[in-house]
Each structure stands twice: as structure tokens, then as C-alpha cells.
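K.L.:
Sequence and predicted model, in that order:
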Amino acid sequence: MNFPSPDWAAVRAQFPILTQVQDNGEPLLYFDSAASSQKPQVVIEALTRFYEHDNANVHRGFYELSARATEHYEAARGRVAHFIGAEDSEIVFTRGTTEAINLVAFAWCRKNLRPGDVILLTELEHHSNLVPWQLAAERHGATLRFVTVLGDDGSLDEAAVPGLLTEEVKLFAFPHISNSLGTITPAEDWCALARNRGIITLVDGAQSVGHIPVNVKELGCDFLAFSGHKICGPTGIGALYGTAQALADMPPFHGGGEMIESVQYERSTYREAPARFEAGTPPIAGAIGLAAACDYLAALGMEAIAAHDEILTARLVDTLNRIDGVRAIGPQGKRGALSSFIMDGVHPHDLVTFASGRGLALRGGHHCTQPLMRKLKLPGTARASLYFYNTEEEIDRLGEILTDTRRYFA
Amino acid sequence: MNFPSPDWAAVRAQFPILTQVQDNGEPLLYFDSAASSQKPQVVIEALTRFYEHDNANVHRGFYELSARATEHYEAARGRVAHFIGAEDSEIVFTRGTTEAINLVAFAWCRKNLRPGDVILLTELEHHSNLVPWQLAAERHGATLRFVTVLGDDGSLDEAAVPGLLTEEVKLFAFPHISNSLGTITPAEDWCALARNRGIITLVDGAQSVGHIPVNVKELGCDFLAFSGHKICGPTGIGALYGTAQALADMPPFHGGGEMIESVQYERSTYREAPARFEAGTPPIAGAIGLAAACDYLAALGMEAIAAHDEILTARLVDTLNRIDGVRAIGPQGKRGALSSFIMDGVHPHDLVTFASGRGLALRGGHHCTQPLMRKLKLPGTARASLYFYNTEEEIDRLGEILTDTRRYFA
Amino acid sequence: MNPLDELYQQVILEHARRPQNHGPQPVPPAFHAEGVNPSCGDEIEVWVTFADDGTIQKISFDGQGCAISQSAASVMTGKAGGLSPEGARGLIANFHDIVTGSAEVDFDQFGEMAAFAGVRQFPQRVKCAMLGWRALEQALKQAHPAP
Amino acid sequence: MNPLDELYQQVILEHARRPQNHGPQPVPPAFHAEGVNPSCGDEIEVWVTFADDGTIQKISFDGQGCAISQSAASVMTGKAGGLSPEGARGLIANFHDIVTGSAEVDFDQFGEMAAFAGVRQFPQRVKCAMLGWRALEQALKQAHPAP
Ligand SMILES: Cc1ncc(COP(=O)(O)O)c(C=O)c1O
Ligand SMILES: Cc1ncc(COP(=O)(O)O)c(C=O)c1O
């Protein structure tokens, strides 16, 4: 590996919350970064600095403060774009992944989806990359098709994909990394395949951006959605990447200030993307905070983060599998920085509640993938997910706590 | 007046940005609160505290941090609800006024608007309370009608309203206070009139909430929209109030995590409001910051704020009218905490640019009310808007700067 | 007792391991209702038959779930039998008060239901505890629709 | 000179007060284009007639706007007459470079256009300065569509 590895202990120290002791006196062991990551000081300070020094509404102000706020906001767009290898004008700020996907499901589908058309998804989908398409299909008389999951190792029937990408398929949306099983999809191949056939792709990057290096041009997708709060940024901010062409192919969605060109009482004309899709006052501080997070991650180095994630994840899976009565679920080889698991005779909710009593923050349940859990006949799972600020000691401690948990309920 | 008046100088000192000196050495004179307000320390600290102590995703977590984040988030909903006299379950968190209005324009209209139906608006509308209805009307074959503005005093043809509220009218949306002229609409009367006829009302409260006491039950509206960033809260957060009945009459809008009850691959069922309308990870910190802002305003006292706004606004209008060649536009009597004005021979953009050179933050242009400006044959206006942190000295200084401005360009 | 041990009292763990009146029992003309916990996806089904005088004759449940939801449903089936609809509604209210902390908990009065007082320290688990009870409420509504 | 005085140089204020080639002049077969500044709603109209050899014969504009947009359009009408389409496109690029700060500003080379260098310190006003120039660009496109 030819990239410098940061001093991870020093990096961890930049996250104020991680030194926290829980109510019951236990130190916090945070293993729920796939749901939401923690924030480094530098991101929190970016928000504070904005509100204390630069706060004003953007775009329509000619005074110094507003000019500065606008500059910071648009610079934030550029910094976020740069982080994923996009052009500034290809980034629409949204509340998060969910809103980004809904934007496409409304605006793109309104123009491009006809009765009889098909949207292709995978059986791995998070509800946020499933329900918007169900609603869009209902609005436009289209139907959904799914790439099948073959087992609880999270593998997909990849061989079937070329056959599934038929002429009726207008859009192919899939996760880059599954949030409940950790499966990494062959996103580049699928995007190339789809593009060859004129099918638009949307990659749900909620679990990949910020964890592995993501370059949209190499990925070759038409749309990519991701959330700030999962990659060290604030809540309430995320982004939709779209190629200039894909964005231009979308009529307006939300109407309001900022997205218009000329308004009359009876009708209006609209600006080009990205402004067209940012109606109303945007989450200005959020965008600036997200840019700070992107810069922070880039400074650590996305290759270094991915490599560190990988080491920790391997130890996590290994630790889980060593515990009597525990089975890690998901891919054998490379996977996202998380592992779902089940414990014999202990329901995931009881497991995570008990673990919480020891300071361990795990998630239990369906992880917003109900149909997948039903298909795999799992009553939910417990999930440990991590990020570069976790340590090997924390993973060892997680192992001990899970051993105790089994004993308690058995 | 039987309410205690705060020490306004001490209150002002709670806003870090207001001590700022501009690049050119001038102290900041912030007169653009109608576009976005400044933030008191206590709101900024609420954000920092959340990220440093309580940050986790909400609703689906059983561990301590997530339980705490959820508690804070839902308590924030209650605090915001309380601020406007609503029930917790009647508050949907949105990005701001614009998103709140779009939510109704999509979800409510989808179920309730038929070809031939009419949406009644006023000619005062901000683009954010106009364009969403244009788009909705287009989707559903409905038309828009407008309550006429009678002149640049911003008065509306109120006498015509009963006649305009015909049977085809399904929804009546109007601003509580106009952001470009300051007109205060007879919102209570209109809501009562509409309710009597079974017509749904939406009040655009972007300029009223946080400036005057607003109680939705006394107002009698079905929906109310407002933005956090205009009332001392963070950017990227706002709320839609809807009566339980009105919210129940809306099908889902955005799809995704949190808003579902049960998901299968082909179809889903949805939760009740407000969860139904909050797809995906919400702006958790934003909601908590908004609640802090509401508590802050409530502690100052909304009557006291309104009374102070009124004194300052009167002085502002008076100051403007004393300047040679300047004319304040808008209502003679009671008005919102702002005044648009024009200066003979000086375009608003030049005026605000010059004023900015003296540290004065004004807004110039159409204020997102292009059709209104066109109707009044104004090439835009300059606008000074204020909040309780402004001072009489600042207003006097504004007068001096505008006098200089006239001299410069004349 | 620490909060965890209060939550997972022995009686709860016992009921969770060996629930009473458990398993699919679709005996017509039983009234049947389902509960779904949207935050976790857990589902429970409840069957109720009523005697001629309207009292609950037989009650059983099925479904997988956490120790709290399973044991709460199990305890419910032991408590609700023989009750009138009003009595059953009162019991549901009692149980809700116990798990949310609105009620003083008296073991003599509430018996095994009192063991669920530990839930009040885990607000996220209230829905788990109520899952079967809400389904019973539904079944009552079906059998005796409000006038 | 402070930034304001640099922005509002005397020549700019003069042009704004008494713009050249200003007023509605819809002389067919003139090419006509409009510019709208979405951030303020200011609109400008530009009319251009071309000689047989393709050079700009007559150019005028109309519309209300700020001193920057009016004076920039006025200066434009003085500069663009007689230019070939390529020459006019080059001029537009020059002017854009001046107001955005990508060009060294040489009064000898650019004449009155150089007075707009002060705009670069006010990025929000770049659109104002370019308003008429963008309309000219449009009119050129109409007259000489790209092959
Ligand atoms: C009257 C009115 N309505 C709507 C809006 C839009 O609010 P926001 O941009 O916060 O969504 C504003 C503020 O710009 C306003 O003043
Ligand atoms: C794969 C995946 N897609 C979509 C989402 C939704 O993201 P958000 O809730 O930030 O909108 C998530 C996170 O929960 C996710 O993991």
C-alpha cells in the first residue's frame, strides 16, 4: 500500500463524543456508524464558525455577509463534488440519501417513465431505495423487478443481471454496499452494462461514499445518492450526483424561491440544474459542514480509511464467529464495514438492549430491509458497524460483551 | 402592555455575529432578517451539544445514545408544537417553509385536487407559495385564482374574498405577512370563512411565526408553514403544522425509511402522520436547534418581541420617509417588521451594493415576488427588515447611509 | 437491581422461553388480529374466542419476537381469559400504565404483569411490550365494534 | 480607490445615466434576444442587424436595470458595431474576463470596458454586468447557428 496511514489513535481523539461515559458508568463503544457516524471537532467547528461569522441567506444578497455565505455555500458544492470526482454543477444538495432518491423517483420518472416500463432493483434494497420506486411505479403504471439474493451471505444472482436488463427496463437502482449484509455490488460493471443499453443507473451510495474511494466517473453511474450524517457530516444534508445529461432530463420537482428563472402569476420558467432542484433556502450550514467532512476524509485519505475499515471489519467478523452460538451473516470475502449476526435463542432486540447496558451501541432489527429479512427468514439481526475511529480493543470488548449476553439469556 | 420587556441590549449581546466588523472596517448593520435571522449563542450551543454528546440516528436504536437522540428529537417536536399552540403529532419537520408547502402541494393535492378545481392565492405570494401551486395545478388540471393587490401600500381586495371562495375552490393559501411589502393579512377571518365553506387553508407563516404571537388553534388554519432559519434557528429545518384531520387526508409523499409500517418487495403500508411524512434520517440536530430557538423566543416573550418589532419598524418607516428622494412602500398602519423602499434614480441593486460598502446589509430586488413587482411596475425594491436585536441607533445610521447613497448616485 | 436485570426479570425470561397459549390456533369462529412493530418489523398474531355472555373464552398468540414482546403476550393470555370486554380493556390500560410508568406497581394487585415495570426505563421497548396487547385491543374492537 | 469607487467609476455612472443606443428599436429584420437575471428579475432586450458580409451593423438595447447592467450594455453597443461574429464573440469573452478577474486590465487595449474591472470584487454583480452581453451572444447564435 503506497499511501500514508494516519495515526488512528490521534484521529479518534478528534471525535468529542467518543470519550463519553454512558449513564451506567461504561465507556461508549459505538458500533452503529452505518446508521449514523460520529462527528469530528473540525466539522462541529465549521457549523459554529458559519453561524458566528458568516450566516446570511444565499444567492439573492448583495451585501458582504450574504456574498460570503453564498461563496461558502457554492464552494461547499465544489468541495463535495471534488470528493466524488464530479463537476460542481452535478451536485444537488438534499437532506440525505432518501431525499436524493425521491427527487429522481419523482422528477426523472415523471418525464421518463411510461406504463409498462420496468425499474430494476435488487433484493438487498434499503427501504429508502425501494419505497420511492414502489410509489413511482404506482404513479406511472410501471413495475419493479429484482435481482435475487441467493442466501444470507448476501450474494446476488449476478449472472442473471444481463438477462434482467431488458428493453422495458428504464432505470436500474441498486446499493453500492448493502447496509444490512455488507454485500459490495459490482457497481462499475452494472453501470457499464446499463449504459450500453441506454438504461439509467442510480447507485445508493449511503454505505460506500466515505468508506471506500468513490469516483463517479469511474463508477459510470448516472445518479449517485449519499448522506452527510453517515460520513462525519451534519444531519439534514446529503447530495444527489447526476450527470449533466441526467439532471437536464428532469423537470422541476419542488417549486419555490431560488429554482426559478422568471415567475408570472400563471406560469414560471426554471433555472438549470443544480439550482432547479434546490427550491427555497437551502441547508446552508449543513452543506458547509458536509464539505468540511469531505475535506476531513480526503485529508485522512480514502484509501487509508478503506484499508483501516477492512482490517477492523475482518477482526469484527472473526470475533463474532468465535463466540459460541453466534453466526456472522454476510459475504465471506470483501464486505462493507459492518456485520449482521444472529445469536442462538436470543432475539436481536434483547441482545442489543443487554449490550447497551454494557455501553455497546449496536443496532438490532430489520435495518430498513424488511423484505430481505423476510426472504432470508430472519427475525431481524443484530448489526455491528464501524468506521475508522473504532479500535481493535473495542472489537475485543464487543466480543466479551456478546459472550456475556449469550450467557445471560441462555 | 402587561408583559415584562427584556433588556434588549443584553439580548443583542447573545448574538455573536452582531459584534462583527466588516472587511472594510465598518460595523455590521444587519437589516436582512426577513431573508434569514441571526442566531443566539444558545441555539449554536444546542447544535454543538448534540453533536458532542447525543448524536446517533433516531427511532430504530435500542442503545442509550440513540434512545437519547430520539428523546431529544421527539421532545423538539413537542417544543416546536407548543410554541405555536399545536399538538406534537401535528408537526412535521421539513427543511423549511418551501418544503412544507411543497409537501401539501404534492400529497394533499394528489388526493384532493381534481380537474376544474381552483386554488386561491393572493397576488402577494412569495415564489415559494406560488410555484408549488402552479406545478400542482398543472399536474391535476386545476387553476389558480388570486386575491388582487390594490396598490403599493400592499393592501388586498379583502372585500372580494367571500366572492372568490366559490365552490370550485378547494384550497386557499396566503401569507400571514408579506415578505416584500409587510402587509398583514386578516388570516383569522379568512381561515374562518374558508372553514365554513369546507375549504382547506394553508397559511405561509414564514414572516409571522417568531415575529408575532401565532397560535394555530386561534388562527383556525388547516396548515401552517414556517422556517427555522428566519426565527433564530438553524438552516435546513422548518415545520409544517397540519390539523390531525388535514394530515390524515394526505397520502405519503417521499418514500423511505421511518415512514413505513410494513414493507414488502411489491408494496408497503405507511405510518400515521407525522412519521408518514418524514422519510429517511431527519435533520435531527436541526430540529433540536429549532426547538432551542422556539424556547428562546418564548422566554423573551412573543408579545414583547412583537411590541419591540413594532417600535423599531415605526422608526424605520419614519426614517426612510424623511430621506429626500426615498419612498417607503407598504401599509401605512400595522405591518410586518420590514419596509421596502425605492430611491429616485437609483436602482435597488446599486443602492444595496453601496450600502454594503458602509456595513449595511439590505436586500434589493424582487424578494421572490416577481409577479407582484411587475404588477406594481417596480424594478424591484430595496428592503430593510429587522428583528428584536436591531437597535434605534442602527436605524439612525441606516438613515445616514441612505442619505449618502442618494448623494453618490444622483 | 440494575435497569437491565429489572427489565429482564426471571419471570419474563421464563415466559419468553416457554410462552403459554402459543402457536397458530386458527379456531373459527375466533377473532383474529395482528400487531406489527414498525420500528423492528416484529409481528404477533392473537386469536380470541368469546363466550355467549361476551367474556373471553380462549385466547392464544403466535409470532416470533423479542423476550419482552413474547413474554408480555404470554402473560396476557394468562390474564385475559374469562374477562368481560370492559374488563379486558381495563387490563390493557393497566398494563400500558405499568410499562410506561404511569402506575405504581403493586405485585399483589397486578401479579406477573408487575414484572414489566422495568420496561419504563427503556422507552424504545414499550412498543415491544404492548405488541400483543394492542392486537387484543384490535380483536376486541372487531368483536364489539363501538356503537 | 476603495472597492465601491472602483465599481462605480465615473464612466460607468455616466453611461448608466445616459445610455447609448437605448430604447425599443424593433427594426426588422433585426435579431432580438432577451437576458434575464434570475437573482434579481432584471431584464434586458438587445436588437442586432447584420450587414451582408455578416458584420454587426446596428445594435441597441432596452430595459431597466442597475447602473452596472445598463452601463455595461451601453458600452457594449458602442464597441460591438462593425465587428464580425467571431470578433463579437471575442469581445464578449474579453468582457467576461475583465469582470471576473481572469484578465489583466489594460485601458489602452479595452478602452471603456476596462472600467468594469471593479466588478470582480463583487461576484454577485457579474451577472448584472453580463446581462446585455449574454443577450448579444444569444442574438449571434440566432443569426449564425452553429453548424
Ligand atoms: C413569505 C415567505 N414565504 C416563503 C418563504 C420561503 O422560506 P424558505 O426559503 O425558508 O423555505 C419566505 C422566505 O424567503 C417568505 O418570506
Ligand atoms: C443503503 C442505504 N440507503 C439509504 C439510506 C437512507 O439514508 P438517509 O436515512 O440518510 O436518507 C441508508 C441509511 O439508513 C442506507 O444505509
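P.N.:
Thanks, I have it. Ligands and ions are numbered 1, 2, ... in the order given.
K.L.:
Within range of chain C, give me the residues from the stretch 201-350 of chain A.
P.N.:
Applying CB under 8 Å from any CB of the partner chain, we find that the stretch 201-350 of chain A lies next to chain C at A:His347, A:Pro348, A:His349, A:Asp350. Yep, even glycine has a C-beta here, placed from its N, CA and C like the rest.
K.L.:
list the contacts for the nearest residue to the second one once chain neighbours are set aside?
P.N.:
Translated: A:Pro348. Nearest residue to A:Pro348 in three dimensions, chain neighbours excluded: A:Gly364, at 3.4 Å (CB to CB, 6 or more residues apart in numbering or on different chains). If you count contacts by CB atoms under 8 Å, 6 or more residues apart in numbering or on different chains, A:Gly364 has them with A:His347, A:Pro348, A:His349, A:Leu351, A:Val352, A:Thr353, A:Gly380, A:Thr381, A:Ala382, A:Arg383, B:Phe62, C:Cys40.
K.L.:
do that again at 10 Å, thanks
P.N.:
By CB atoms under 10 Å, 6 or more residues apart in numbering or on different chains, the residues touching A:Gly364 are A:340, A:347-353, A:355-356, A:380-383, B:60-63, C:40, C:66.
K.L.:
C:Ile98 now?
P.N.:
Neighbour list for C:Ile98: C:104-106, C:110, C:113-120, C:129 [criterion: CB under 10 Å, 6+ apart].
K.L.:
Make TSV out of these and add secondary structure, distance to chain D and neighbour count.
P.N.:
Listed next are those as TSV, based on DSSP: H, G, I helix; E, B strand; the rest coil; distance: CB to the nearest CB, whole Å; neighbours: other CB atoms under 10 Å in any protein chain shown:
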residue	secondary structure	distance to chain D	neighbour count
C:Glu104	coil	64	11
C:Val105	coil	64	17
C:Asp106	coil	69	11
C:Phe110	helix	67	21
C:Met113	helix	65	22
C:Ala114	helix	66	20
C:Ala115	helix	65	25
C:Phe116	helix	60	26
C:Ala117	helix	61	22
C:Gly118	helix	59	24
C:Val119	helix	56	25
C:Arg120	helix	55	21
C:Ala129	helix	56	29
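K.L.:
so of the contacts of A:Gly364, which ones are in helices?
P.N.:
A:Pro348, A:His349, A:Asp350, A:Leu351, A:Val352, A:Thr353, A:Ala355, A:Ser356 (DSSP state H).
K.L.:
Export those as JSON lines, with columns for pLDDT and distance to ligand 2.
P.N.:
Putting the ones in helices among the contacts of A:Gly364 into JSON lines (pLDDT from 0 to 100; distance: CB to the nearest ligand atom, whole Å) gives the following:
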{"residue": "A:Pro348", "pLDDT": "93", "distance to ligand 2": "17"}
{"residue": "A:His349", "pLDDT": "92", "distance to ligand 2": "18"}
{"residue": "A:Asp350", "pLDDT": "94", "distance to ligand 2": "23"}
{"residue": "A:Leu351", "pLDDT": "96", "distance to ligand 2": "20"}
{"residue": "A:Val352", "pLDDT": "94", "distance to ligand 2": "16"}
{"residue": "A:Thr353", "pLDDT": "93", "distance to ligand 2": "21"}
{"residue": "A:Ala355", "pLDDT": "95", "distance to ligand 2": "20"}
{"residue": "A:Ser356", "pLDDT": "92", "distance to ligand 2": "20"}
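K.L.:
Between those residues, which sits nearest chain C?
P.N.:
Nearest to chain C among these: A:His349, at 3.8 Å, using CB to the nearest CB.
K.L.:
That closest one and A:Met343 touch, don't they?
P.N.:
No: the pair A:His349 / A:Met343 is not scored as a contact, 11.5 Å apart, by CB atoms under 10 Å.
K.L.:
okay, the two: which has more neighbours?
P.N.:
A:His349 (27 against 22; other CB atoms under 10 Å in any protein chain shown).
K.L.:
How about the contacts made by that one?
P.N.:
When contacts are counted by CB under 10 Å, 6+ apart, A:His349 touches A:364-365, A:379-380, A:382, B:62, C:37, C:39-40, C:42, C:65-69, C:122, C:124-125, C:128.
K.L.:
repeat for A:Glu261
P.N.:
A:268-272, A:275-276, B:370, D:36-39, D:41.
K.L.:
cutoff 7 Å now
P.N.:
Going by CB atoms under 7 Å, 6 or more residues apart in numbering or on different chains, A:Glu261 touches A:Thr269, A:Tyr270, A:Arg271, D:Val36, D:Pro38.
K.L.:
In strands, which of these fall?
P.N.:
A:Thr269, A:Tyr270, D:Val36 (DSSP state E).
K.L.:
what helix or strand does C:Ser60 sit in?
P.N.:
strand C:56-62 (DSSP states H and E).
K.L.:
neighbours around the residue nearest to A:Ala287 when sequence neighbours are not counted, how many?
P.N.:
Spatial nearest neighbour of A:Ala287, excluding adjacent residues (CB to CB, 6+ apart): A:Ala76 at 4.3 Å. A:Ala76 sits with 28 neighbouring residues when counted by other CB under 10 Å.
K.L.:
And A:Ile44, by the same measure?
P.N.:
A:Ile44, neighbours per other CB under 10 Å, totals 24.
K.L.:
Next: the one 5 residues further on.
P.N.:
Close neighbours of A:Arg49, defined as other CB under 10 Å, add up to 16.
K.L.:
tell me the mean pLDDT over stretch A:158-170?
P.N.:
Across stretch A:158-170, pLDDT averages out at 98.
K.L.:
Just the element for the residue nearest to A:Ala287, please.
P.N.:
helix A:64-83.
K.L.:
helices or strands up against that helix?
P.N.:
In terms of contacts (3 or more CB pairs under 7 Å, 6 or more residues apart in numbering or on different chains; DSSP states H and E), helix A:64-83 is packed against strand A:91-94, helix A:284-300.
K.L.:
Tell me which of those is the most buried.
P.N.:
Most buried of those, by mean neighbour count (mean count of other CB atoms under 10 Å in any protein chain shown): strand A:91-94, with a mean of 27.
K.L.:
Extract the C-alpha trace of that one and format it as CSV.
P.N.:
Taking Å, rounded to 0.1, in the frame of the first residue of the first chain, the C-alpha atoms of strand A:91-94 are listed here in CSV:
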residue,chain,number,x,y,z
ILE,A,91,-24.2,18.1,-7.2
VAL,A,92,-27.7,18.9,-5.9
PHE,A,93,-27.8,19.3,-2.1
THR,A,94,-30.6,17.3,-0.5
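K.L.:
residue ranges of the strands in the stretch 251-400 of chain A, please?
P.N.:
A:260-263, A:268-270, A:326-329, A:338-343, A:360-361, A:363-365, A:381-385 (DSSP state E, counting those that start in this stretch).
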